[in-house]
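Chemist: This is a predicted model, with the sequence first.
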Amino acid sequence: MKGLFVLACRLIVGTVFIYASLDKLAHPAAFAVAISHYKIVPYSLLHISAHLLPVVEFVIGAALILGLWRRGAALVSGLLTFVFMVAISSALLRNLDISCGCFNTDGGHGVGLDLLWRDGILLLLCLPPLLSTQAGPGIGRMFRK
């Protein structure tokens, strides 16, 4: 039963990260604009961030779904989710009226407390794949002795 719960967490988090990456991969310039609205990332790192972040999101999402490098993917997804929560909190504290840029680069959802709750739940879902000794079904078992 524990392995199935870990699998469910992996599939949920992996799907969220892959879905979040798709529009950003298709529209990196628009994603760079969304990042710039947070006023956190220096201009010199803006475009590399807009290109690199969606690739990382896609890779860790796929790794979680497939069960490859489960703990590493869960750790990176948890760290990214925490960074997203810090960015959202910063925007809220500075009263920035911006779109989060989470799943859609052309407007989308505004930054708000509901995003912090959503990301908090996502962060909690990253913990079972990270901490559990049971990975649940996945392609990663094919590569173990």
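Modeler: Structure received.
Chemist: going forward, measure contacts and count neighbours with C-alpha atoms only.
Modeler: Will do.
Chemist: And the contacts of the lowest-mean-pLDDT helix or strand in the chain?
Modeler: Across the helices and strands of the chain, mean pLDDT, DSSP states H and E gives its lowest value to helix 28-37, namely a mean of 90. Contact with helix 28-37 is made by 24, 41, 43, 46-47, 49-51, 98-101, 105-106, as judged by C-alpha atoms under 8 Å, 6 or more residues apart in numbering.
Chemist: rerun at 6 Å
Modeler: K24, H47, A50, H51, G101, T105 (C-alpha atoms under 6 Å, 6 or more residues apart in numbering).
Chemist: Send me that helix as CSV with only the CA atoms.
Modeler: Extracted as CSV, the C-alpha positions of helix 28-37 are listed here (Å, rounded to 0.1, in the frame of the first residue of the first chain):
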residue,chain,number,x,y,z
PRO,A,28,10.3,31.1,-23.7
ALA,A,29,10.2,34.9,-24.5
ALA,A,30,6.8,35.2,-22.9
PHE,A,31,8.0,33.2,-19.9
ALA,A,32,11.0,35.5,-19.6
VAL,A,33,8.5,38.5,-19.4
ALA,A,34,6.6,36.6,-16.7
ILE,A,35,9.8,36.0,-14.7
SER,A,36,10.8,39.7,-15.1
HIS,A,37,7.5,40.8,-13.5
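Chemist: how about the helices of the protein, start to end?
Modeler: 2-26, 28-37, 43-66, 70-93, 113-131 (DSSP state H).
Chemist: Tell me the buried residues in stretch 80-99?
Modeler: Buried residues in stretch 80-99, counting neighbours by 16 or more other C-alpha atoms under 10 Å, are found at 80-82, 84-85, 87-89, 91-92, 96, 98-99.
Chemist: which intervals of this protein have sub-threshold pLDDT?
Modeler: 1, 107-108, 135-145 (pLDDT under 70).
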